[in-house]
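Novice: Using only what follows, build the 3D model:
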Amino acid sequence: MSYTNQKIGVLGGGQLGKMLGQSASMMGLQMHVLDTDKSFPAAASCMSFTEGSFKDYDAIMAFAADKDIITVEIELVNTDALHDLEKQGKQVYPQPHLLDMIKDKGLQKQFYQERSLVTSDFVLVNDAAQIKQWVLDGKLSVPFVQKARTDGYDGRGVHIVRHITDLQNLLDVKSVIEPLVDIDREIAVIVARNPQGDISSFPVVDMEFHPTANLVEYLFSPSRVNEEVQEQAIKLAESIAKEMKIVGLLAVELFLTKDNELLINEVAPRPHNSGHHTIEANITSQYEQHLRAICGMPLGDTALTQPAVMVNLLGAAGYTGEAHYENIDQCLATSGAHIHLYGKSITKPYRKMGHATIVDQDLDTAIEKATFVKDTLKIISKN
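Specialist: Numbering: from 1, shown residues only. Purely as a prediction, here's the structure:
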């Protein structure tokens, strides 16, 4: 079969699309992107970039007309169009019904509950008024976490209520309410599945979150949890992928409690922040693996070749405007440091502007170098 003759259409032109395009180019695949502006990161790495909204039915249908495979780099797309494309015989991965379920955190939690897949307790609420009333009536105890059922992304749509005073900042949307779990750490597993049903998982990674932006700040590979827990995590992640029968990647974020219990937090059906390091640190990157999966190729070897730390490079607080990368030379001179800049022209506080992966034979040394890069490279505006 000639994989290179297939036209792959990607909905979303952000940094994940850019890195997907870099892998597609290496593999000789024809990758085309739909998003609203050609200044977006993926425009630099795809064969063609079509300006249009991935939330617009007509824009998606027109874009996909000559494509063989449609995939996404973000969940928040118009799935009505994807359902119709699937009916037309297009290969749409991940499948539209899975996108419908995953992008609604309430439906996602119900999916796990119905299949006895371990996740934290939850209730579904309609708005902020209902939450306040339930707290007043004693039906809901503080602390808890509020997650918007839809449209949450990169830390947005999450509100932690630690004290009664935090109720004044509730999100006034349909939400999932979960207890604030006493966790030891958060870990992630990325699973790939192709149409033939073959499954392959990347090694477990540890994640550390930014306290303000509520998104991943550091990622450590290999994980420091014990082997038994890692095996359980991979088994759990693969069981979700099998239940879904997903085609493509599934990033599974898990809580490890202080009692050594694993709980499913949430999943993402696409390349994920928790897999950036695989470009330099694993035999096959997550981006290549996603392309292999959706094209029906044999899945690649996911083994870790050397320890790695990934750090997200965020826009500095207090700066909005044309991006300027201060002290980048010192970071580029750091042995084992791979600096990825996404090409976003405008920086904003805590905006993802790039990431750095530091590889070293010793994980602790890699952590020291990653901390140096994070503290040294300042992304500010020129004004």
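
Novice: alpha carbons only for contacts and neighbour counts from here, please
Specialist: Will do.

Novice: Just the pLDDT at the most centrally placed residue in the chain, thanks.
Specialist: Note on the chain: the residue nearest the mean C-alpha position is residue 272, at 3.1 Å, using CA atoms, centre = their mean. At residue 272, the pLDDT value in this model is 96.

Novice: Residue 213 too?
Specialist: Per the predicted model, pLDDT is 71 at residue 213.

Novice: How about residue 109?
Specialist: Note for residue 109: predicted pLDDT of 97.

Novice: and it, what is it in contact with?
Specialist: Counting by CA atoms under 8 Å, 6 or more residues apart in numbering, residue 109 makes contact with 119, 122.

Novice: do the same with the one 3 residues further on
Specialist: When contacts are counted by CA under 8 Å, 6+ apart, residue 112 touches 118-119.

Novice: Point me to the helix or strand that includes it.
Specialist: helix 105-114 (DSSP states H and E).

Novice: The nearest residue to the residue nearest to the centre of the chain once chain neighbours are set aside: neighbouring residues, count only.
Specialist: Closest residue to residue 272 apart from its sequence neighbours, by CA to CA, 6 or more residues apart in numbering: residue 251 at 6.3 Å. As a burial measure, residue 251 scores 25 neighbours (other CA atoms under 10 Å).

Novice: For my notes, confirm residue 251 occurs in a strand.
Specialist: Yes: if the criterion is DSSP: H, G, I helix; E, B strand; the rest coil, then residue 251 is within a strand.

Novice: ok, it touching residue 265?
Specialist: No: contact criterion CA atoms under 8 Å: residue 251 and residue 265 do not qualify, at 10.8 Å.

Novice: one step back: tell me the pLDDT at the residue nearest to residue 272?
Specialist: If you check residue 251, the pLDDT there is 98.

Novice: how close does it sit to residue 163?
Specialist: According to CA to CA, to the nearest Å, residue 251 and residue 163 sit 32 Å apart.

Novice: shaky segments in the stretch 101-250 of the chain?
Specialist: 154-155 (pLDDT under 70).

Novice: could you pull out the helices for it?
Specialist: In the stretch 101-250 of the chain, the segments counted as helices under DSSP state H, counting those that start in this stretch are 105-114, 128-137, 227-244.

Novice: Could you do the stretch 251-383 of the chain as well?
Specialist: Remark: helices assigned in the stretch 251-383 of the chain by DSSP H, counting those that start in this stretch are 278-281, 286-294, 328-332, 363-376.

Novice: thought the residue nearest to the centre of the chain was touching residue 253?
Specialist: No: if you go by CA under 8 Å, residue 272 and residue 253 don't touch, sitting 10.2 Å apart.

Novice: Next, the residue nearest to the centre of the chain: phi, psi?
Specialist: Here is the backbone geometry of residue 272 (degrees, to the nearest 10): phi -140, psi 160.

Novice: picking up where we left off before, nearest to residue 48, of the helices of the stretch 101-250 of the chain?
Specialist: Judged by CA to CA, the one of the helices of the stretch 101-250 of the chain that comes nearest to residue 48 is helix 227-244, at 31.2 Å.

Novice: That closest one: which residues count as buried?
Specialist: Buried residues in helix 227-244, counted by 16 or more other CA atoms under 10 Å: 230, 233-234, 236-238, 240-241.

Novice: cool, stretch 206-221 as well?
Specialist: Those would be 206-208, 215-221, for stretch 206-221 by 16+ other CA under 10 Å.

Novice: Likewise for stretch 371-383?
Specialist: In stretch 371-383, the ones that count as buried by 16+ other CA under 10 Å are 371, 373-374, 377-381.

Novice: cool, and stretch 78-89?
Specialist: 78-79, 81-82, 85-86.

Novice: can you list the weak-confidence ranges in the stretch 251-383 of the chain?
Specialist: 383.

Novice: Residue 14: what's it in contact with?
Specialist: 40-42, 73 are the contacts of residue 14 under CA under 8 Å, 6+ apart.

Novice: hmm, try it at 6 Å
Specialist: Going by CA atoms under 6 Å, 6 or more residues apart in numbering, residue 14 touches 40-42.

Novice: Which residue is the nearest non-sequential neighbour of it?
Specialist: residue 41 (5.2 Å).

Novice: Report the beta-bridge partners for the residue nearest to residue 272.
Specialist: For residue 251, the beta-bridge partners are residue 190, residue 268 (DSSP bridges).

Novice: picking that back up, out of the buried residues of stretch 78-89, flag the one nearest to residue 172.
Specialist: residue 78 (23.2 Å).

Novice: Look at the nearest residue to the closest one once chain neighbours are set aside and give its secondary structure.
Specialist: Nearest residue to residue 78, sequence neighbours excluded (CA to CA, 6+ apart): residue 55, at 4.5 Å. Put simply, residue 55 is coil when judged by three-state DSSP.

Novice: isn't residue 55 right next to residue 76, touching?
Specialist: No: assessed by CA atoms under 6 Å, residue 55 is found out of contact with residue 76, at 7.3 Å.
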